[in-house]
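here's my sequence, what's the structure:
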Amino acid sequence: MDDSDLRERLEQRLMSHGVYVTDLATDDATLRIEYETASSGEGVPHREVGRVLNRLLALQDEGWDPIDVRADVSSIEEDPRGAWRADAEWLAAHARGDLSDVDLSQRVIDTIEEA
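Residues are numbered from 1 along each chain as shown. Okay, the predicted model is just below:
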């Protein structure tokens, strides 16, 4: 699955949740996603992190091989809100059933760096 296909599949599922992918690229075995959030407030909305993560997990069933994920989040006004990451090892462990949904979510939430 190439970057443009991956971006389209993410965008289709996330826009209805107020998550707008503005950039997506793979380099050095890392998927870098930039997205804007329509959520009010400050910081990185945890619910949206879950939505992006769940969509990536679903894409594994469609042929996406998990790699490290790095996400930068901004507001619709393009003000930085923060960043988060999900390591390929965690995604693979989840796919094997070695890491629960709750444990995966907690690991990712723990990586959030507020802007």
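
the residue nearest to D68 when sequence neighbours are not counted: what's it in contact with?
What sits nearest to D68 in space, not counting adjacent residues and going by CB to CB, 6 or more residues apart in numbering, is T30, at 4.5 Å. No exception for glycine: its C-beta is placed from N, CA and C like everyone else's. Residues near T30 by CB atoms under 8 Å, 6 or more residues apart in numbering: I67, D68, V69, R70.

just the element for A58, please.
For A58, the host element (DSSP states H and E) is helix 46-60.

helices or strands up against whichever helix or strand comes after that helix?
Sequence order places strand 68-75 as the next helix or strand after helix 46-60, per DSSP H and E. Applying 3 or more CB pairs under 8 Å, 6 or more residues apart in numbering; DSSP states H and E, one finds that strand 68-75 contacts strand 30-37, helix 46-60, strand 80-86, helix 88-96.

ok now strand 68-75, how far from the chain's centre?
7 Å (CA atoms, centre = their mean, to the nearest Å).

please apply the same query to stretch 102-115.
With CA atoms, centre = their mean, you get 11 Å for stretch 102-115.

could you look up the SS state of E78?
At E78 the chain is in coil, as set by DSSP: H, G, I helix; E, B strand; the rest coil.

wait, it touches T37, no?
No: counting by CB atoms under 8 Å, T37 is not a contact partner of E78; they are 11.1 Å apart.

ok so, going back, distance of the residue nearest to D68 from D3?
12 Å (CB to CB, to the nearest Å).

picking up where we left off before, which among the contacts of T30 end up buried?
I67, D68, V69 (16 or more other CB atoms under 10 Å).

for the helix or strand hosting E8, buried residues please.
Assigned by DSSP H and E, E8 falls within helix 3-14. With burial defined by 16+ other CB under 10 Å, the residues of helix 3-14 counted as buried are L6, R7, R9, L10, E11, R13, L14.

returning to that earlier point: tell me which two of the contacts of T30 sit farthest apart.
Comparing every pair within those by CB to CB identifies I67 and R70 as the most remote, at 10.1 Å.

and stretch 63-77, what's its mean pLDDT?
Computed over stretch 63-77, the mean pLDDT rounds to 95.
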